[in-house]
Structures are given as C-alpha cells and as structure tokens.
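1. Generate a structure from the sequence data that follows.
(chains A and B)
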Protein chains: 2
Amino acid sequence: MARHVDVAELVDRAREGQPRAVARLISLVEDEAPQLRAVAAALAPLTGRARVLGITGPPGAGKSTSTSALVSAYRERGARVGVLAVDPSSPFSGGALLGDRIRMSDHATDPGVFIRSMATRGHLGGMAAATPQALRVLDAAGFDVVIIETVGVGQSEVDVVRLADTTLVLLAPGMGDGIQAAKAGILEVADVFVVNKADRDGAEATVNDLKYMISLGRKEIRGPSWRQPIVRTIATKAEGIPELLDAIDAHASWMTDHGELEGRRTHRAATEVEAIAVAGLRARLGSVHGGDALDQLAKRVVAGELDPYAAADQLIDQLG
Amino acid sequence: MARHVDVAELVDRAREGQPRAVARLISLVEDEAPQLRAVAAALAPLTGRARVLGITGPPGAGKSTSTSALVSAYRERGARVGVLAVDPSSPFSGGALLGDRIRMSDHATDPGVFIRSMATRGHLGGMAAATPQALRVLDAAGFDVVIIETVGVGQSEVDVVRLADTTLVLLAPGMGDGIQAAKAGILEVADVFVVNKADRDGAEATVNDLKYMISLGRKEIRGPSWRQPIVRTIATKAEGIPELLDAIDAHASWMTDHGELEGRRTHRAATEVEAIAVAGLRARLGSVHGGDALDQLAKRVVAGELDPYAAADQLIDQLG
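-> Now for the predicted structure:
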C-alpha cells in the first residue's frame, strides 16, 4: 500500500471540494501514514477558519437527528458542513457503520456536506488522537462549519468534545434520572443546552431541572458573563433549530467579544501538541535499548526488587 | 493536612490486619501524596503473593452480587480477601458510593475482608493510575485474593481489568443483543466466562452464543492451550460458585504450568512503569520554560505558523 501520494495535489483537490480527496487526507492522518507530517505541514497555514461545534449527550437524546437538522440549516445559509461522528465502539459494544449510512442518506447527494465516522480501531486513544487531525483536514478543505458528534459517556469522549468552539449538550425528557445523575459533568462541557423531543411529557420538568442545575453550578464552573441557554427542539421536525442556530451564534459572538475563542483554540492546540509530544516520548521509552530496558525493569518490579516509581526514574534516565 | 506519616509503621499495621492502616495507605497512593514514593518503596519487597481476579461485564449482569459470593467462598477457604470496586463515574453518570455501602453490609463485620471503591476524581486516568498502587497495598498487606470489579464499558476499564491474573467476564441472559454486540472485545479479556442468572429464560442461548464466539475467536485471540470455560451461576443463591472457584484454580494452574503468570505480571509491571514514566515526562513538558513553552507553541499552531507535529518536536527538543 506504500504508493506515492502527492500531498499538495491532494490538498488542492480537497479545497476544490472533491470528497474523495478529503476522505483520503483523513485516512492518511487517521492511519498515521508516513505522509502524516507532510499532510499536517500542508494543512497548517490553511486552518483556523471553520467554526467547530460539538454535540454530545446520552444515548437516545437524538444526537444524530439533531446533527442532521443542523446540517440542513447551515446548508440553507450556504455554508459547507463537515461532520465527524465519533462513535467509540467500546470492547463491549458495536460499531458505528450502520449509523453512518443512515446519516449519510439525507445528505448523500449534497456536495457541500461531508460526513465521516471516526472508528476507534480498538483503542480510544487512537480516536482521540485522530479526531483533531481530521478536524484540521476539514478546516483546511474549506468547510465553514464542522460538527463533532459523540456519545456522551466517558472521559475520552469529553476530551473529543473539548475540540469544539461551542458545545451543545442534548437531553431528552423521559430519560429517568439521567439529568440528576449527570450532575456537574455536563455543566462543565455545555455552552448550550438542548432539550430535544420537547413535545414529549416531562420536557418542562427537564428544562426546570436544567435551570436549577445551572443556577447551582454557575459560580464555580463558568465565568460570570456566559449564561448557558436552554433551547427546546423537536429535531425530527426541525422545530427549534433556528433558535438553536441563534444560540450558537450568540455564543460565538460572546466568545469573540471576550477573547474566549482565541483562548479555547490555544488551549485546544496546547492539548494536541502535548499529546503528540507525549506519544513521541512514549515511543522512545518503549525503544530504550531496543525495547529491552522496560522489560528488564518490569521483571525487577515483579521480583519486588524495585518499586514502579524507582523503575520509571531509571527508564527516563536511560532516555539519554 | 501535611501531617507526619510514619510509612513503615503504617505498613506494619496494615500487615497486622488493621483496616484503617490499609485504607490510609490506599488514600496516600490514590492522592499521590508526598509520601507516595516512600510508600511504594516500602511495599515493593512485600508484593507478589496475592492472587488477583478481575470481574467485568455489562451493567446488570450481577457483578456486585457475584463479587460478594466469591468473597464469601474465599473466606470459607480461610483466605483474606480485598476488593477494589472500580466504578468510574463518567461525566454523565453517578458515583459509586451507594453501591459501596450495599456491598459493605454483607462483609462489614468480617476483619478478613477489605472493600474499597476507587473513585475517579473527575478523570479516568487518575483511577487507572491509582488502581495498580491500591492493588500493591492490598498485596503487601497480606490479602490472599484481591478482586478488581469494574463496569465493562470503555477502554480504561479494560486497562484496569488487565491488572488481573485471571479475568472473569460476566454475562446474564435476556440482555438483548449484548453478546452479539460485544463481539471480539470480551474474548480478548476473558479467561473464564460466567453466565449468571442461569435460571432465567435464555441462559442456554447465551451459553451457546458464547460457545460459538469462542470457537470463532480461539485461533487469533488465545494460545492453543487455554480453553475459556463457561460457568453457569446464580450468584444470589451462591449456586455455581464452587464450580467458578474450580475454574479460577484451573486457570491459575494452567498459567503457572505455562509460565504465563510470570509473563502477565511482567507485562502488567511494564505497563505500570511506562505509565508512571510518561506521566513524569508529561509533567516535565508542561513545565518547560515555566510552562510558557507549550503555550507559545500552541499560539503559533492556532496562527497556522506551525503544525502540531512540528510544535511537538520543538517542545521535546526544549526538554533538554
């Protein structure tokens, strides 16, 4: 498979709107292909334009339907929209391929929409590393809006959502004590709350629970000036979607006015750079003395001759 | 709270069976207290005796009840038993405190049993780092068997289960397409399968599904010699628990005979040492130029002047 790839040409074609070029670039960064660094270098000067939205929430809240409705709404505004569906197939659950095809069908014939499922390839770390690079591809390819959709369970998914400029947390009524259980976690990541399926019984109770949580959580968790709005939607009928876009726009304006967008993006880049550096150092640790150093130290730990912290010190010393 | 801690005395008291000393030591390693390294050094020569069992499976399979039944069975054998209940409170779910109290009640008055919930403190990485250290505390304190119980969802929990010498994967009938969905993931981590609630409708279908999966998965996933057994239990009535103990013993014998125990423990120690070293290097990266280097590089990435890979290279170079 080591065939020649003209990265510059691929980037040009992606910017012209050729979906196959976009897909190819994402595959290159996802697979950590030999061309990864060349691709990253070519993309860098082209990035920073896309508005990045994160959508998360518990299973059943209607994330895919809401994403689809948002795509349609942004398309009506003339924006090109990319979607990264981060659907971690945990060792105990299934994959995302069927959902991908269902989502595709609504927008399959629209050249202004690009949808990609980020598979986990057996390890969430892989997905968490690949998603920011895929985001860079879509940004550089000229997509105006990129939506990152993820199932809201677990730390790694939250890390993915933190890539977003604006994060929507979706809830639906009738999900039992979901909100009570969710506690402060969702307050931390939410910029905008969405109560979807707002025509169902219990929708107002969900809104009121959220209001109460927000009132409790505001002081510690958020700065004083951004008040997390709660938007009611019925995504299947596109009801409330214009209001949701307004809320997203309001958050974008607030961020720009308060220097928060720059701050978030810098924080995001710092996290990304650090993760890449750590992965590089981890690889170096694993190859000290041809990979033998770690094994020898581990054997001494098992024998009780060394504690793991002392062993780690010795390993780092041998990095040289 | 920076009061004097006599680590040697604490370790002595833990080995005498004082639960408060055990709890204190676990807190010290969990909190990464200043004494962490002194504790680790004191524990090292005392470790390596405990048999470590992992129990995982989807919510509702009966993990807590099964753990409790195993504790009782090992107590009848005269073994001291420690339990680490790793119950990650994801940002979208609740904590483990209630479950802890329920579990405690059966064995609360038994000095030969120590049960601890490992909280996540907001980040799964913290739990994944603290659990091996807590395991070392229980091992050094002379517990003959340590059971690590974890909800079977997500990579980090699987990492925790990999600490075990023998891993039990629990399933229950009537969990829909749980098994089909679980696919190869559970084959990878399971040494023994347990079909709990074996008196329910569908138990035999679950057993047959498992047999089929095992027959499909064996070649790639396991060496030829260990045949993963399937044990039927009704944990609430302690039925099948003696057979489960037999299966665990059989796996232990097989591991000893094949040098697998040593191999697993070395691999476990290597993972632990590497994680500690990586965390140390990560801390160093964050403090290059008083923490300013990463921030400056991140700003250049946001400005499109530098790609994240080139930035990571520069950061590592500045480690010196």
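2. helices and strands of chain A: which one bottoms out on pLDDT?
-> When each helix and strand of chain A is scored by mean pLDDT, DSSP states H and E, helix A:178-182 comes last, with a mean of 50.
3. Roughly how far does A:Leu170 sit from chain B?
-> A:Leu170 is 11 Å from chain B, where distance means C-beta to the nearest C-beta, to the nearest Å. C-betas here are computed from N, CA, C, even on glycine.
4. Look up phi and psi at the spatially closest residue to that residue that is not a sequence neighbour.
-> Excluding the flanking residues, the one nearest A:Leu170 by C-beta to C-beta, 6 or more residues apart in numbering or on different chains is A:Gly57, at 3.4 Å. Main-chain torsions, A:Gly57, degrees, to the nearest 10: phi 150, psi 170.
5. how deep is A:Gly57 tucked in, by neighbour count?
-> 28 (other C-beta atoms under 10 Å in any protein chain shown).
6. A:Ala141 - how many residues pack around it?
-> Residues lying near A:Ala141 (other C-beta under 10 Å) number 27.
7. residues in contact with it?
-> Neighbouring residues of A:Ala141 by C-beta atoms under 8 Å, 6 or more residues apart in numbering or on different chains: A:Val11, A:Ala14, A:Arg15, A:Gly17, A:Ala21, A:Val22, A:Leu25, A:Gly82, A:Phe114.
8. Out of those, flag the one nearest to chain B.
-> Nearest to chain B, judged by C-beta to the nearest C-beta, of the contacts of A:Ala141 is A:Val11 at 12.5 Å.
9. next SSE after the helix or strand harbouring that closest one?
-> A:Val11 belongs to helix A:7-15 when assigned by DSSP states H and E. Sequence-wise, the next helix or strand downstream of helix A:7-15 (DSSP H and E) is helix A:19-30.
10. So is the next helix or strand after that next one next to chain B?
-> As assigned by DSSP H and E, the chain's next helix or strand after helix A:19-30 is helix A:36-43. Yes - residues of helix A:36-43 are located near chain B by C-beta under 8 Å from any C-beta of the partner chain, namely A:Leu36, A:Arg37, A:Ala40, A:Ala41, A:Leu43.
11. Which strands or helices does the lengthiest helix in chain A pack on?
-> Taking DSSP state H as the criterion, chain A has its longest helix at helix A:260-286. On a contact count with 3 or more C-beta pairs under 8 Å, 6 or more residues apart in numbering or on different chains; DSSP states H and E, helix A:260-286 meets helix A:124-140, helix A:241-257, helix A:308-319, helix B:260-286, helix B:292-302, helix B:308-319.
12. Please repeat the previous calculation with a cut-off of 10 Å.
-> Applying 3 or more C-beta pairs under 10 Å, 6 or more residues apart in numbering or on different chains; DSSP states H and E, one finds that helix A:260-286 makes contact with strand A:51-57, helix A:124-140, helix A:241-257, helix A:292-302, helix A:308-319, helix B:260-286, helix B:292-302, helix B:308-319.
13. Tell me what angle the longest one forms with helix A:292-302.
-> Angle of helix B:260-286 versus helix A:292-302, following axes from the mean of the first three to the mean of the last three C-alpha atoms, to 10 degrees, is 120 degrees.
14. tell me which residues in helix B:260-286 are buried?
-> Buried residues in helix B:260-286, counting neighbours by 16 or more other C-beta atoms under 10 Å in any protein chain shown, are found at B:260-261, B:264-266, B:268-278, B:280-282, B:285-286.
15. ok now it, how far from the chain's centre?
-> 15 Å (C-alpha atoms, centre = their mean, to the nearest Å).
16. before we move on, the earlier item: what residues are bridge-paired with the residue nearest to A:Leu170?
-> Beta-bridge pairing for A:Gly57 (DSSP bridges): A:Val151.
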